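Participant: Here is a sequence with its predicted model. Questions after.
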Amino acid sequence: MRNIWIIAKREFDHYFISPIAYVVAFLILLTTGIIFAINIYYFIQNALQSFGQVPDISPITGAFGFLLVLSIPAITMRLLADEARMGTLELLLTAPVRDFELVAGKWLGSLLFILTIVAVSLVYPIILNGLVSPGIDQQLVMSSYLGVILVAAAFLALGVGISAVFTNQVAAFFVTLMTFVFLWWLIGFPAQVLQGSASEVFRYLDMKTHFYDSLNLGSIKLADLVYFVSLIALGLFVGTTAIETRRWR
Amino acid sequence: MIQVNGLTKDYGARRAIDNLTFDAEQGEIVGFLGPNGAGKTTTMRILTGYMPPTDGTAMVAGYDVVEESLEVRKRVGYLPETVPLYNDMTALEYLKFMASLRRIPDTEDRAYESLQAVNLEDRADSFIGTFSKGMRQRVGLAQALIHRPEVLILDEPTIGLDPAQIVEIRNVIREIGKDRTVLLSTHILSEAQQMCDRVLIINKGKIVTEDTPENLQSRLVGSQRVVLRVRGDSDGLNARITKVKGVRTVESKPDGSVEFEFGAGEDARPQVAKAVVQGGYELLEMRPVGLSLEEIFLELTRENSEDIKAS
Amino acid sequence: MKEMNEKKNQSAARNYSIVALIFALLACIATFFLGITRGLVSMQVFSGLQAADVNRWLLVSGGLIVLGLAAYAIMEPDRVRRFFTGRQARYGSNALVMSIAFLGILIVGNVLAYQNPVPVADLTEDKTNTLSPELSSALKTLPTKVTATGFFSQNSPTDAADKLLNNIKANSNGKFDYNFVNPDRDPQGAKEAGITGDGKILLQMGDHKEIVAGASESEILKGLLKLLNPR
């Protein structure tokens, strides 16, 4: 189990010398920053008419979801595809490291990196809390951020899993991106066309609803937690199986 | 330390290794000698726990490579042919990383130790991306040694090195091989001759033959070759030697010496010496010349492929 | 000469065997789309097609898959045999079984969680996200979708109503939706709906309509109950 941490730490350090990681971090923080600024501006303009409406950070965390769909493929594409390309995968697979530990370590490392970005974005609720009196709904902030973290963790796990299947980073990127687009946007459509339990199934599978309709609103439901944990498990499972099959492919 | 029995590996329709059986004892340096594509890398990958065989068994350090793969990997140091490394890490960082994966408590000390063993301690903080091929090879070897394994498996460890570096690596390997088991592969025959206690010649996935370098030489040489040198003019010398009973071939060498060959068991040297002296030549030197391992190797692999063609 | 011909025949057979696989793959894709069509037909999306016809087509494409695979097996018997036996198959089938089991566990877990909606926490300060139990059960018993239209002019801010309606929508499993209309911009629509005044909400379920005086849980609950039990 310690191997997971060793690999995670190395990946985490590695992100800070990779240009793509910085680009992703910059874009996320810039976009959320702009949204934040616009949000504040709007509320200040309409302060008199707000009738006691309190601004919260759900536009920020809401935007996070969308940003993660676009940026996580760039973060995970190299994780295992690169090792395969460089040949270092042979080193890792002949070291006393279980396949699962390798995949989980990669996932954890990338998660820690995303958590760093998320931590930086905490300035927004802090600023907002200072601007608004008597302060914003802090528990809502916690719930929304928990949602962001869960979405990120799920996406990262799927990204790592897909990266393990491919040797080519670009292929990994595109397949990951398509998968995310599918899960976040497309999969909800059948729900509107179908009826009955088929409709419910598709609506449950729609990742957006598990975030926007609950965590971003402040309520934590068991089904949402199970959903995200399931996706994480699925991603890690796909990754581990892909690595295993590499051995006897 | 290593016991291989009936090892077979198929990649789809292609059989990379076919029913290999061999052993390596503790403290032995065993060489895998064969042309490219013979199956050396495949065998090593199976022994290091990287992939499972299609058939057969292999035990390394007392553990089965398939059933107890993790135990095998703990006890094996492996240097792949491609010498894969992380270019964006320094040599020290890389070795510390590999050391921590192997649960070595004092990773920094051990990393330095390994670097010293391969004479790279002054480049500890340089990025591997800046290293020359020889240095990369040495880092790879340092990684293979870092956990002081019982078994070392080295795939073409001296490939691409210059002669000075080759000597250095060979010394390191010989040093290590004193109390550990080393299995190395090469297609440089003199290397196998110099470094290995035993040589396995492998071709097209099968073991062609197995023996010590010396035995191989004497086994395969069905005849003996001797070179002699006379002072001054050597006209007519060859004709005289040819007449000696038992001599098979006589050949003038460009450096003025004469090489002749006779069948094993029919030592014609005394007769040749007599003939030379009686002919009025001054015999300066007469010494045996061995069939180089290169010739043995070519001979064997040629025969082997001829056998395969005929069948 | 004979050897050369044999070799030629062998490579020709290899090429054709791939054709058989591609054929089977195309049949697979066709079956997939036919399956979707069948589903859509049963929902009466396509009025021109009959279910029986689609069924027949499905059978045909299914048969084509089998045909393609059989052809491949005939052309490359060795390969197929090795696929099913041999260590690779054992690892492969092992991986397959594990995958199915794993997916099964995930599906069961999620279904259980969905059917037992245990709220782990409602972290909003005023617990705005948890609907009153009466409203929750009212939403559950809705036979069809309810659409709420809030008629808010420029003078009435929609934020509070938006939050409330959004919350109801989020907890409604798709049975509740809402939108806003500005009666100043669309006086006709407001009149047709029978709305007078500002800040009123129209609840519509099928043909039934109810007008609710304001955006509060209790009011909406009253409106929904009236929709459910029309007098």
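Facilitator: Alright, I've got the coordinates. Numbers count the residues shown, from 1 in each chain, chains lettered A, B, ... in the order given.

Participant: At the geometric centre of the chain, which residue sits there?
Facilitator: I'll assume chain A. A:A152 (1.5 Å; CA atoms, centre = their mean).

Participant: that's the wrong chain, I wanted chain C
Facilitator: C:G174 (11.4 Å).

Participant: Now name the helix or strand holding whichever residue of the stretch 1-150 of chain B sits closest to chain A.
Facilitator: In the stretch 1-150 of chain B, the residue that lies nearest chain A is B:P84 (3.5 Å; CB to the nearest CB). (C-beta placed from N, C-alpha, C; glycine too.) Assessed by DSSP states H and E, B:P84 sits outside every helix and strand.

Participant: show me what contacts it?
Facilitator: A:M86, A:G87, A:T88, A:L89, A:E90, A:L91, B:G140 (CB atoms under 8 Å, 6 or more residues apart in numbering or on different chains).

Participant: Leaving out the residues flanking it, which one is nearest to it?
Facilitator: Distances taken as CB to CB, 6 or more residues apart in numbering or on different chains put A:G87 closest to B:P84, at 3.5 Å, once the chain neighbours are dropped.

Participant: In terms of helices and strands, where is the nearest residue to the residue nearest to the centre of chain A once chain neighbours are set aside?
Facilitator: Closest residue to A:A152 apart from its sequence neighbours, by CB to CB, 6+ apart: A:I114 at 4.7 Å. Assessed by DSSP H and E, A:I114 sits inside helix A:99-120.

Participant: Can you tell me the closest non-neighbouring residue to A:K106?
Facilitator: Leaving out its chain neighbours, the residue that sits closest to A:K106 by CB to CB, 6+ apart is A:L79, at 4.6 Å.

Participant: now B:Y94
Facilitator: The shortest distance from B:Y94 to any non-neighbouring residue, by CB to CB, 6+ apart, is to B:Y86 (5.6 Å).

Participant: Helix, strand or coil: sort out that neighbour for me.
Facilitator: Using DSSP: H, G, I helix; E, B strand; the rest coil, the secondary structure recorded for B:Y86 is coil.

Participant: And for B:G280?
Facilitator: coil.

Participant: Kindly state the pLDDT recorded for it?
Facilitator: Listed pLDDT for B:G280 reads 84.

Participant: What of C:N5?
Facilitator: So C:N5 comes in at 59 (pLDDT).

Participant: can you list the contacts of B:P84 in JSON lines and add pLDDT, neighbour count and secondary structure?
Facilitator: As requested, the contacts of B:P84 are exported to JSON lines (pLDDT from 0 to 100; neighbours: other CB atoms under 10 Å in any protein chain shown; DSSP: H, G, I helix; E, B strand; the rest coil):
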{"residue": "A:M86", "pLDDT": "89", "neighbour count": "15", "secondary structure": "helix"}
{"residue": "A:G87", "pLDDT": "89", "neighbour count": "14", "secondary structure": "coil"}
{"residue": "A:T88", "pLDDT": "92", "neighbour count": "18", "secondary structure": "helix"}
{"residue": "A:L89", "pLDDT": "92", "neighbour count": "21", "secondary structure": "helix"}
{"residue": "A:E90", "pLDDT": "92", "neighbour count": "22", "secondary structure": "helix"}
{"residue": "A:L91", "pLDDT": "92", "neighbour count": "26", "secondary structure": "helix"}
{"residue": "B:G140", "pLDDT": "93", "neighbour count": "25", "secondary structure": "helix"}
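
Participant: list the contacts for the residue in the stretch 151-300 of chain B that chain A sits nearest to?
Facilitator: Residue nearest to chain A within the stretch 151-300 of chain B (CB to the nearest CB): B:I153, separated by 8.9 Å. Applying CB under 8 Å, 6+ apart to B:I153 gives the contacts B:M44, B:L47, B:T48, B:V76, B:G77, B:Y78, B:L79, B:A144, B:V182, B:L183, B:L184.

Participant: Just confirm it is within a strand.
Facilitator: Yes. Counting by three-state DSSP, B:I153 is found in a strand.

Participant: now the strands for the chain?
Facilitator: Using chain A. For chain A, applying DSSP state E gives strands covering A:219-221.

Participant: right idea, wrong chain: chain C
Facilitator: With DSSP E as the definition, chain C shows strands at residue ranges C:119-122, C:146-151, C:176-181, C:200-205, C:208-212.

Participant: Out of the ones you listed, flag the one nearest B:I173.
Facilitator: Among the strands of chain C, strand C:119-122 comes nearest to B:I173, with 60.6 Å by CB to CB.

Participant: Now do the buried residues in that closest one.
Facilitator: For strand C:119-122, the neighbour count (16 or more other CB atoms under 10 Å in any protein chain shown) marks C:D122 as buried.

Participant: and what of stretch A:65-80?
Facilitator: Under 16+ other CB under 10 Å, the buried positions of stretch A:65-80 are A:65, A:67-80.

Participant: Can you tell me which of these is nearest C:L164?
Facilitator: For the buried residues of stretch A:65-80, the nearest to C:L164 is A:G65 (22.5 Å; CB to CB).

Participant: Next, the contact list for C:V118, please.
Facilitator: A:K221, A:L222.

Participant: How is chain B partitioned into domains?
Facilitator: Domain assignment for chain B by automatic domain parsing gives B:2-218, B:222-289.

Participant: mean pLDDT lowest for which of these?
Facilitator: Across the domains of chain B, the lowest-scoring stretch is domain B:222-289, with a mean of 80.

Participant: Mind pulling the model confidence for residue 155?
Facilitator: Unless you meant another one, I'm taking chain A. Taking A:F155 on its own, its pLDDT is 95.

Participant: hmm, I had chain C in mind actually
Facilitator: So C:N155 comes in at 69 (pLDDT).

Participant: next one: C:N9
Facilitator: Per-residue confidence (pLDDT) for C:N9: 57.

Participant: Same check on A:T176?
Facilitator: pLDDT, A:T176: 94.

Participant: can you count the residues close to it?
Facilitator: 25 (other CB atoms under 10 Å in any protein chain shown).

Participant: what's the nearest residue to it if we skip its chain neighbours?
Facilitator: Using CB to CB, 6+ apart, the closest residue to A:T176 is A:P73 (3.9 Å).

Participant: Look up phi and psi at B:V118.
Facilitator: When read as degrees, to the nearest 10, the backbone of B:V118 gives phi -110, psi 20.

Participant: wait, doesn't it sit right on B:R138?
Facilitator: Yes. Assessed by CB atoms under 8 Å, B:V118 is found in contact with B:R138 at 4.0 Å.
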